[in-house]
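[1] no sequence on hand, only this structure:
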Ligand SMILES: Nc1ncnc2c1ncn2[C@@H]1O[C@H](COP(=O)(O)OP(=O)(O)OP(=O)(O)O)[C@@H](O)[C@H]1O
Ligand SMILES: Cc1cn([C@H]2C[C@H](O)[C@@H](COP(=O)(O)O)O2)c(=O)[nH]c1=O
């Protein structure tokens, strides 16, 4: 019965654990589930009641299953290493526990404890120490409190600490004149379509509009784009990828965006910093706060006036694309789901800066919703300097 409960728990843990805690960091989950397995094993070790043992063994199996699934997600380059390591640990434990039990024999500590309890307890303590070390070493969200992080994951959201929001890393308005509008979202969500429609509409209203995109808006950026999206680029580390996107952005801001904003233009960009936070932070499970800090430096703290997030389930967006998938598009489904949850978490953290749009609706409907929101932030079409000059004229009252 104990073995059956363990096996059932294990299957549930492997299958359901990572799904229930979808956006939660797999590295954190691995450390936590290892610690939980160790504690549950200790309960099994000291419990003499069969019903309790069967019940707890089910949870122990589930925790071990979550640890297994998380380890496979963390060590993506070599799943065989995880399986061999786990199998080896199980064989060692299966041999050591009965041998240890025999060697220790029954002990009396308040009541009789069979040798197997003591042996299991020793294994639990070793597993606990290993779990704590793994948690310390693997945790890439150091500084992010665990409880709100877990609570958000259970709600299907990603917790963004207030200090990670780009607005916290830089003051709100970082340029004096133009307007900076960014379109964000997953693959095929309609960013290019909607940013072009917005630019046409703005130009029709007499504004100077600069449409641009990331990565690849400058000469250097185009080379970086080719490097980043080419499927031939293999083995690029997540940190290097993050820095290459940040380098493209730094060049983009310095050579395209800031000059345009400084002369009073409206800049409409297809992707910006939040793409790196969503893809390289949430997607690649790297520390979002640190990436935000690198990008705040690279952009001189330039934050958009408005970010339009086009929300679309990844499978729908990827189905819309006609060209062969590039290096990022060909990442697994879970990656794109983490990216989507990441965008949502960023939008939730800064609702004033974001317009979140359901991108599964018809193009024209989306276009109108975006226009309504952009209208709210448009500058007065008559510049203040012109008003100063004309204020000496008598007012026209009729
Ligand atoms: N609301 C919509 N409904 C259906 N199809 C759409 C909609 N908006 C855009 N599309 C189509 O989906 C495809 C992808 O659109 P678009 O290139 O604008 O997306 P994107 O987000 O810029 O993609 P990418 O991630 O490649 O940059 C295009 O064929 C476009 O015509
Ligand atoms: C800016 C930025 C982009 N990406 C990814 C997202 C897309 O897969 C490609 C860009 O292609 P698009 O068709 O032009 O949208 O790059 C990223 O991972 N991180 C970023 O910062």
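    Received the coordinates, thanks. It should be emphasised that the depicted structure is a prediction, and the values quoted were computed from it without experimental measurement. Ligands and ions are numbered 1, 2, ... in the order given.
[2] nearest spatial neighbour of the residue of the stretch 201-350 of the chain found nearest ligand 1, skipping sequence neighbours?
    Closest approach between the stretch 201-350 of the chain and ligand 1, counting by CB to the nearest ligand atom: residue 320, at 3.6 Å. Every residue, glycine included, has its C-beta placed from N, CA and C. For residue 320, ignoring the flanking residues on the chain, the nearest one in space by CB to CB, 6 or more residues apart in numbering is residue 188 at 3.8 Å.
[3] okay, residue 398: pLDDT?
    The score at residue 398 is 33. That number is its pLDDT.
[4] can you check residue 114 too?
    For residue 114, the pLDDT comes out at 81.
[5] that one: neighbour count?
    Residue 114 has 15 neighbours, counted by other CB atoms under 10 Å.
[6] equivalent analysis for the one 10 residues further on, please.
    Around residue 124 sit 21 other residues, with neighbours defined as other CB under 10 Å.
[7] residue nearest the centroid of this protein?
    When the chain is reduced to its mean C-alpha position, the closest residue under CA atoms, centre = their mean turns out to be residue 282, at 1.5 Å.
[8] just give the nearest non-adjacent residue to it, would you?
    Nearest in space to residue 282, with sequence neighbours left out and distances taken as CB to CB, 6+ apart, is residue 342 at 2.8 Å.
[9] that older thread, distance check, the residue of the stretch 201-350 of the chain closest to ligand 1 against residue 245.
    Using CB to CB, to the nearest Å, one gets 23 Å for the distance from residue 320 to residue 245.
[10] between these two, which one's more packed in?
    The residue with more neighbours, out of residue 320 and residue 245, is residue 245; 25 against 13, by other CB under 10 Å.
[11] I'd like to know which elements the helix or strand containing that one is packed against.
    In this structure, residue 245 is located in helix 238-252 according to DSSP states H and E. Counting by 3 or more CB pairs under 8 Å, 6 or more residues apart in numbering; DSSP states H and E, the packing neighbours recorded for helix 238-252 are helix 219-229, helix 273-276, helix 288-298.
[12] tell me the most buried of these?
    Per residue and on average, the most neighbours among those fall to helix 273-276, with a mean of 28 (mean count of other CB atoms under 10 Å).
[13] that one near ligand 2 at all?
    Yes: shown here: helix 273-276 in contact with ligand 2 (CB under 6 Å from any ligand atom) through 275-276.
[14] what about that helix, near ligand 1?
    No: counting by CB under 6 Å from any ligand atom, ligand 1 is not contacted by helix 273-276; separation bottoms out at 9.8 Å.
[15] chain center to that helix, what's the gap?
    Average the C-alpha atoms of helix 273-276, do the same for its chain, and the two points are 11 Å apart (CA atoms, centre = their mean, to the nearest Å).
[16] residue 35 touches residue 128, doesn't it?
    Yes: judged on CB atoms under 8 Å, residue 35 makes contact with residue 128 at a distance of 6.4 Å.
[17] could you pull out the helices for the stretch 1-150 of the chain?
    With DSSP state H, counting those that start in this stretch, the ranges of helices along the stretch 1-150 of the chain come out as 2-20, 26-46, 50-74, 79-104, 115-138, 146-154.
[18] right, so of those, which gets closest to residue 290?
    Smallest distance to residue 290 across the helices of the stretch 1-150 of the chain (CB to CB): 14.3 Å, for helix 26-46.
[19] and whichever residue of the stretch 1-150 of the chain sits closest to ligand 1, how many neighbours?
    At 20.5 Å from ligand 1, residue 23 is the closest residue in the stretch 1-150 of the chain, using CB to the nearest ligand atom. Here the count is done by other CB under 10 Å, and residue 23 has 23 residues near it.
[20] appreciated, that's everything.
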